[in-house]
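*Asks:* Output the structure for:
(one chain, ligands or ions: 1)
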Amino acid sequence: MAAAESAPSPLNSALAAVLGSVLEHARPKTSGAVATYIPELANEDPEQLGIALASVRGTVHQAGDSDAEFTIQSVSKPFVFALALEQSGLAAVTRHVGLEPSGEPFNAISLEEATGRPLNPMINAGAIVTTSLIRGDGADEKFAVIDAGLSAFAGRTLDVDEAVFASEADTGDRNRALGYLARAAGTLASTSEVATTAYFRQCAVTVTARDLAIMAATLAGGGVNPVTRERVVSEDVARWTTAVMTSSGMYDASGEWLVRVGLPAKSGVGGGIAALQPEEFGIGTFSPRLDGRGNSVRGVAMLEELSERHGLHMLEHRDAPLSPIGEISVGGAGADSEVAGDDVVAMLRGDLTFGNAEEVLTRLLPLLESERSITLDFGSVTRVGEPAARIFRWAAEALGETADGRARVELRDPDGVLGA
Ligand code: GLU
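*Replies:* Reported below is the predicted structural model:
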């Protein structure tokens with residue numbers, strides 16, 4: 001088993017040991033089979049097994065065959081969807097492809113009757129339409145844009161496995177047929193040949209588990225690659241993409257995955273899975289044997305185990321957070337001389353979310369009596385989310401002044417955490 005090479009600190013070793021342990025948990029699971037419908041994929045060594053985790057701060061932890069290359073296949077779909085959204089916006093893209101989970105196999109003939117749109121961009125029909133939307137006239141131009149985008153997500157230049165590309169181009173008539181149907185329905189933005197050629201190249205891009213971890217961490221970090229610090233897509237695009245992975249990323253096992261593992265993810269028939277915990281980290285796994293739905297058996301086993309052991313489900317109940325209200329002083333006690341009479345100063349602390357802002361105002365506003373004012377001191381606050389900042393600004397403006405002309409709610413913000 002390969003040790004983490006990227007950051008040999010004691011903490012990194014601890015994380016690599018955690019990954020190594022879930023990897024060994026999954027190793028005995030040898031059920032499933034390597035994909036063979038793309039003939040070249042049948043040559044993969046089925047024993048390969050790797051996992052990597054990249055934090056949104058840019059540290060990468062690895063175990064097993066985490067630097068082994070394989071073709072990205074359908075794991076490309078959310079990232080190319082993100083590139084299309086970044087290029088054209090949500091309204092334009094969703095005129096061509098829907099956002100509904102399909103519950104059908106990846107290669108289903110799925111076009112909405114009324115609109116001709118594939119149900120979502122994670123099934124082949126939707127992914128081929130998404131690829132057709134990428135700017136560029138021919139397949140080469142479109143693929144150049146896609147390859148540059150996928151490489152920006154990974155933080156290194158990604159190549160194509162020409163043998164896998166040729167193999168899928170030789171045998172990919174079902175995907176071409178999906179392209180023709182979408183073209184006939186008016187939703188494909190190029191010819192079927194252009195869209196599917198670019199799509200087959202996109203699927204044959206080679207990545208490692210480490211690359212998938214960094215790509216997923218880029219979505220987790222709101223669109224900024226944590227290693228290169230490059231902004232690849234906007235925060236909105238990262239959120240929309242993550243939402244579609246949550247509902248539709250694991251083929252027709254997406255609902256069960258969401259309950260059991262609870263991490264937005266996308267799998268591919270090359271044996272890769274990219275998963276993420278928004279705001280925290282991305283994970284890439286690689287093991288080529290697939291279950292009946294096309295998901296990597298050991299990849300699913302590793303992510304299930306990791307999520308369960310370490311409580312990583314995105315909806316995990318978190319214990320009540322630290323109260324956002326620290327010390328409250330009344331009547332100027334302990335406060336500076338600007339505080340009159342029995343006015344109140346509340347020291348706020350921590351990260352202020354919408355829910356924390358609600359608690360601050362619910363607890364403090366009842367203290368407002370006719371001659372009283374409340375100073376909210378943000379000096380110990382680490383971060384104020386915009387939804388919370390809006391509520392505080394509203395309170396300062398809307399609650400007016402005391403009879404002697406002082407603001408009833410004053411925002412003391414020495415470090416400017418409230419923003420504009
Ligand atoms: N290139 C593959 C296909 O279109 C990708 C399938 C997958 O990974 O789900 O059949």
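*Asks:* what does the stretch 251-400 of the chain have sitting close to the ligand?
*Replies:* 268, 269, 294 (CB under 6 Å from any ligand atom). C-betas here are computed from N, CA, C, even on glycine.
*Asks:* can you do 8 Å?
*Replies:* Residues of the stretch 251-400 of the chain lying close to the ligand by CB under 8 Å from any ligand atom are 251, 267, 268, 269, 270, 294.
*Asks:* Most neighbours of all those, which one?
*Replies:* residue 267 (31 neighbours; other CB atoms under 10 Å).
*Asks:* Now find how far off-centre the strand or helix carrying residue 362 is within its chain.
*Replies:* Assigned by DSSP states H and E, residue 362 belongs to helix 354-364. From the chain centre to the centre of helix 354-364 is a distance of 29 Å (CA atoms, centre = their mean, to the nearest Å).
*Asks:* And the average pLDDT for that helix is what?
*Replies:* The average pLDDT for helix 354-364 rounds to 92.
*Asks:* Tell me the buried residues in that helix?
*Replies:* 356, 357, 360, 361, 364 (16 or more other CB atoms under 10 Å).
*Asks:* and if you look at stretch 37-51?
*Replies:* By neighbour count on 16+ other CB under 10 Å, the buried set for stretch 37-51 is 38, 40, 41, 44, 46, 48, 49, 50, 51.
*Asks:* The fifth one reaches residue 36, doesn't it?
*Replies:* Pointing back at residue 46 there. No: between residue 46 and residue 36 no contact is recorded; they are 11.3 Å apart, counting by CB atoms under 8 Å.
*Asks:* Below-threshold pLDDT in this structure: ranges please.
*Replies:* For the chain, the stretches flagged by pLDDT under 70 are 1-12, 332-341, 370.
*Asks:* Going along the chain, name the helices of it.
*Replies:* Under the criterion DSSP state H, the chain contains helices at 10-26, 76-88, 90-94, 124-133, 139-154, 162-171, 173-184, 192-203, 209-220, 235-248, 254-260, 297-310, 354-364, 386-398.
*Asks:* Let's have these in a markdown table, adding distance to residue 377.
*Replies:* Shown next, in a markdown table, are these (distance: least, CB to CB, whole Å):
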| stretch | distance to residue 377 |
| --- | --- |
| helix 10-26 | 34 |
| helix 76-88 | 40 |
| helix 90-94 | 39 |
| helix 124-133 | 49 |
| helix 139-154 | 41 |
| helix 162-171 | 60 |
| helix 173-184 | 58 |
| helix 192-203 | 52 |
| helix 209-220 | 32 |
| helix 235-248 | 29 |
| helix 254-260 | 41 |
| helix 297-310 | 36 |
| helix 354-364 | 11 |
| helix 386-398 | 12 |
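*Asks:* of all those helices, which lies closest to residue 406?
*Replies:* For the helices of the chain, proximity to residue 406 was assessed by CB to CB; helix 386-398 is nearest, at 12.0 Å.
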